[in-house]
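[1] pasting the structure only:
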């Protein structure tokens with residue numbers, strides 16, 4: 001470990017893992033989940049978040065010929081096992097045989113077993129329901145004119161949460177070079193991933209979000225129906241057009257405890273729970289499109305430096321709301337007023 005000093009930047013969420021609790025043998029590189037992605041222009045917004053969209057004929061038949069499964073026996077059998085209520089890691093031959101037969105019975109509704117382009121098949125309109133990896137799906141959504149049209153989720157029966165790791169074989173001829181490479185891949189500041197266009201830490205955070213995990217600053221409760229915005233998502237600024245279709249009404253001015261900072265990159269950073277007041281606006285989100293709204297905003301926040309993550313806050317009017325908290329990696333200048341629009345006029 002001493003040869004990989006950048007390990008200090010590894011998220012705590014990916015330390016103490018069951019297969020290598022002390023991190024003596026491996027280093028997480030990328031992480032995510034495996035689930036389903038849908039085209040809501042075809043399926044609408046009121047659909048069961050279930051593997052039944054693939055394996056239940058009453059649901060799947062309406063999308064016959066427009067469903068894809070990964071060309072990966074572990075993932076595809078795993079999906080069938082979860083739908084049947086079994087463990088992904090079962091060793092029961094009877095359960096494995098039942099899952100095999102279920103996949104075979106679904107074959108007539110499939111467009112393809114495809115791993116390399118499952119995401120592109122969905123956004124090109126060739127499929128409506130796609131089995132795929134979270135990073136691939138979210139990145140492909142952002143390549144379209146309307147990312148909010150598509151939704152990715154881990155079905156309610158459960159699914160795969162995966163981590164790609166790096167390790168060095170015991171008889172590696174150049175262990176020093178190997179350690180240096182891992183230290184470069186595991187950077188001291190966020191570096192963009194060539195395939196997904198996201199930093200490694202952002203991909204790791206996405207794995208938690210895809211599993212429905214969150215980082216609340218207040219006690220656990222039902223998910224908020226509101227969003228508190230304090231920067232460029234406010235009306236008149238450059239990203240308001242992204243949020244506008246998902247909100248009800250004009251919202252209301254509100255404040256949250258914390259400190260606001262100028263990043264020098266034409267957007268602010270918020271650290272909640274600190275002394276001080278952050279000024280912004282609270283919006284109620286449309287119930288039918290709330291999940292899509294948050295998925296789109298999660299992606300938007302992942303495209304900027306600063307390792308922003310979605311958290312729960314409570315506004316000074318007592319409203320539970322989602323907002324986006326700064327993570328790390330930038331030089332910050334305090335904004336004493338706590339008001340981004342007063343500090344810097346909107347960039348229209």
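    Now that the structure is in, tell me what you want to look at. All of these numbers come straight from a predicted model, not from anything done at the bench. Numbers count the residues shown, from 1 in each chain.

[2] going forward, measure contacts and count neighbours with C-alpha atoms only.
    OK.

[3] what's the nearest residue to residue 41 once chain neighbours are set aside in contact with, if anything?
    The spatially closest residue to residue 41, leaving aside those adjacent along the chain, is residue 149, at 6.5 Å (CA to CA, 6 or more residues apart in numbering). For residue 149, the set of contacting residues under the criterion of CA atoms under 8 Å, 6 or more residues apart in numbering consists of 39-41, 292.

[4] quick one: pLDDT of residue 149?
    At residue 149 the predicted local confidence, pLDDT, stands at 90.

[5] Residue 82 versus that one, what's the distance?
    Taking CA to CA, to the nearest Å as the criterion, residue 149 is separated from residue 82 by 27 Å.

[6] Check residue 313 too.
    Note on residue 313: its distance to residue 82, by CA to CA, is 34 Å.

[7] More neighbours: which of those two?
    Between residue 313 and residue 82, residue 313 has the larger neighbour count (other CA atoms under 10 Å), namely 26 against 20.

[8] give me phi/psi at that one?
    Summarising the backbone geometry of residue 313 under the convention degrees, to the nearest 10, its torsions are phi -130, psi 160.

[9] so what's it scoring on pLDDT?
    Taken from the predicted model, the pLDDT recorded for residue 313 is 91.

[10] Across the sheet, point out what pairs with it.
    Beta-bridge pairing for residue 313 (DSSP bridges): residue 321.

[11] from what I can see it touches residue 255, true?
    No: because the distance of 10.3 Å does not satisfy CA atoms under 8 Å, residue 313 is recorded as not touching residue 255.

[12] Mutual contacts of those two, please.
    Listed contacts common to residue 313 and residue 255 are nil; contacts here mean CA under 8 Å, 6+ apart.

[13] Tell me how far the closest residue to residue 109 other than its chain neighbours lies from residue 268.
    For residue 109, the nearest residue in space outside its immediate sequence neighbours is residue 64; the separation is 4.2 Å by CA to CA, 6+ apart. Separation of residue 64 from residue 268 (CA to CA): 47 Å.

[14] Same drill for these two, tell me which one is more crowded.
    Neighbours were counted for residue 64 and for residue 268 using other CA under 10 Å; residue 268 has more, 25 against 19.

[15] Quickly list what the more buried one is bridged to.
    For residue 268, the beta-bridge assignment (DSSP bridges) gives partners residue 262.

[16] list the contacts for it?
    Each residue near residue 268 by CA under 8 Å, 6+ apart is listed here: 231-232, 260-262, 340.

[17] Run me through the strand neighbours of the helix or strand harbouring residue 32, direction for each.
    Secondary structure assigned from DSSP states H and E places residue 32 in strand 27-39. Based on DSSP bridges, the pairing partners of strand 27-39 within the sheet are strand 129-133 (antiparallel), strand 150-153 (antiparallel), strand 160-166 (antiparallel).

[18] Now the helix or strand following it: buried residues?
    Toward the C-terminus, strand 27-39 is succeeded by helix 40-43 as the next helix or strand (DSSP H and E). Of the residues in helix 40-43, those with enough neighbours to count as buried (16 or more other CA atoms under 10 Å) are residue 40.

[19] With stretch 310-329 instead?
    For stretch 310-329, using 16+ other CA under 10 Å, the buried residues are 310-315, 319-326.
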